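Colleague: Have a look at this fold, sequence not included:
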């Protein structure tokens, strides 16, 4: 597999990045997800990439940028559904916790052999919104029971899990990259003892570790995205687990290191670092945590 981005993918990456940089800055992101945000992304073609002839490797590049800009909302499930609906997915054997329930069209349940769908409006009445969500930009509701909706036709549950894991890994990769870039910029700007803190050995080590984690995760995520397109190449499930494990770990550990680099300010609401770290923690619960995927990789080595 050639994991270098080709000219078309570079143009796609730069195009979506320009859109996000112009319309989804920190102030807009802090307002949280709404239907207007979903419509803007849909109009830009984010949710119709596969239908428009793009590959899963291309989609991975786009979702990396969405993660880097910390775009909130149920973008992975909506992308997988592909019919213009706003949808969130939950696992059949997990707690019935749904993000953004009051803004959804449908709630999807990923079972072992099928994916079922329920209208979100039918679940909202008996749901309880939690007071303190981990990610303040991802409000969550606890349902009274696991939904038992109608199965989606012509949907393979395992393929959904595979694709959802890769797209989520791409979001985590973008988070890891943004935390690295932000921390390097801050370390070059922040002065202590009349010199930039980036000149101190301890800070250098943190920044170097963040950069290495990000690049290792990038190779794994790009490989998994390309692997989704190369169906005749063996080892798909393993490459997906490697990508989800490395990207999830990189996002979380980079978030912790970025908080340290930013010192006491890193713990405050005003500094954006905590938004990326909290999003990384939440995304790590989607489609299997990085610990679970490390275990799955280990199992393939036995």
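Modeller: Everything's here; your move. All of these numbers come straight from a predicted model, not from anything done at the bench. Residues are numbered from 1 along each chain as shown.
Colleague: From the contact counts, what lies against the helix or strand encompassing residue 246?
Modeller: Here residue 246 sits within helix 236-261, counting by DSSP states H and E. Under the contact criterion of 3 or more Cβ pairs under 8 Å, 6 or more residues apart in numbering; DSSP states H and E, helix 236-261 touches helix 157-189, helix 201-229, helix 273-283, helix 290-301. From N, CA and C alone the C-beta is placed, and that goes for glycine too.
Colleague: among those, which is nearest residue 146?
Modeller: helix 157-189 (15.2 Å; Cβ to Cβ).
Colleague: Which elements pack onto that closest one?
Modeller: helix 56-68, helix 75-81, strand 106-110, strand 195-196, helix 201-229, helix 236-261, helix 273-283.
Colleague: quick revisit: buried residues, the helix holding residue 246. List them.
Modeller: By 16 or more other Cβ atoms under 10 Å, the buried positions in helix 236-261 come out as 237-259, 261.
Colleague: quick revisit: could you provide the helices and strands packed on helix 236-261 in TSV, with additional columns for distance to residue 53?
Modeller: Formatted as TSV, these follow (distance: least, Cβ to Cβ, whole Å):
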stretch	distance to residue 53
helix 157-189	17
helix 201-229	12
helix 273-283	27
helix 290-301	30
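Colleague: of these, which approaches residue 66 most closely?
Modeller: The nearest among those, by Cβ to Cβ, is helix 157-189 at 6.2 Å.
Colleague: if we can go back for a sec, rank the helices and strands packed on helix 236-261 by pLDDT, which is bottom?
Modeller: Note on the helices and strands packed on helix 236-261: helix 290-301 shows the lowest mean pLDDT, a mean of 92.
Colleague: Give the closest residue to the spatially most central residue of the chain in space, chain neighbours not counted.
Modeller: In the chain, the residue lying closest to the centroid (Cα atoms, centre = their mean) is residue 171, at 2.9 Å. With Cβ to Cβ, 6 or more residues apart in numbering as the measure, residue 67 is the residue that lies nearest to residue 171, at 3.4 Å, once sequence neighbours are left out.
Colleague: Contacts only, for that neighbour.
Modeller: 170-175, 177-178, 251, 279, 283 (Cβ atoms under 8 Å, 6 or more residues apart in numbering).
Colleague: if we go to 6 Å?
Modeller: If a contact means Cβ atoms under 6 Å, 6 or more residues apart in numbering, then residue 67 has 171, 174-175 as its contacts.
Colleague: cool, residue 281 as well?
Modeller: Counted by Cβ under 6 Å, 6+ apart, residue 281 has contacts residue 134.
Colleague: Show me what counts as buried in stretch 73-82.
Modeller: Quick answer for stretch 73-82 (16+ other Cβ under 10 Å): 73-81.
Colleague: oh, I was asking about stretch 61-74
Modeller: 61-74.
Colleague: go on, stretch 114-128?
Modeller: Neighbour-count burial for stretch 114-128 flags 114-118, 120, 123-124, 127 (criterion: 16+ other Cβ under 10 Å).
Colleague: Which of those residues fall within helices?
Modeller: Judged by DSSP state H, the subset of the buried residues of stretch 114-128 located in helices is 123-124.
Colleague: Of the buried residues of stretch 114-128, which is the nearest to residue 9?
Modeller: For these, the nearest to residue 9 is residue 115 (28.8 Å; Cβ to Cβ).
Colleague: What confidence value was assigned to the closest one?
Modeller: pLDDT, residue 115: 95.
Colleague: Run through the bridge partners of it.
Modeller: Applying DSSP bridges to residue 115 yields these beta-bridge partners: residue 110.
Colleague: Can you verify my assumption that it contacts residue 157?
Modeller: Yes. Residue 115 lies in contact with residue 157 (Cβ atoms under 6 Å); the separation is 5.4 Å.
Colleague: Next one: residue 196 relative to residue 265, how far apart?
Modeller: The gap separating residue 196 from residue 265 is 15 Å, by Cβ to Cβ, to the nearest Å.
Colleague: for the helix or strand of the chain with the lowest mean pLDDT, the distance to its chain's centre please.
Modeller: Least confident helix or strand of the chain, by mean pLDDT, DSSP states H and E, is strand 191-192 with a mean of 86. Computed by Cα atoms, centre = their mean, to the nearest Å, the separation of strand 191-192 from the middle of its chain amounts to 34 Å.
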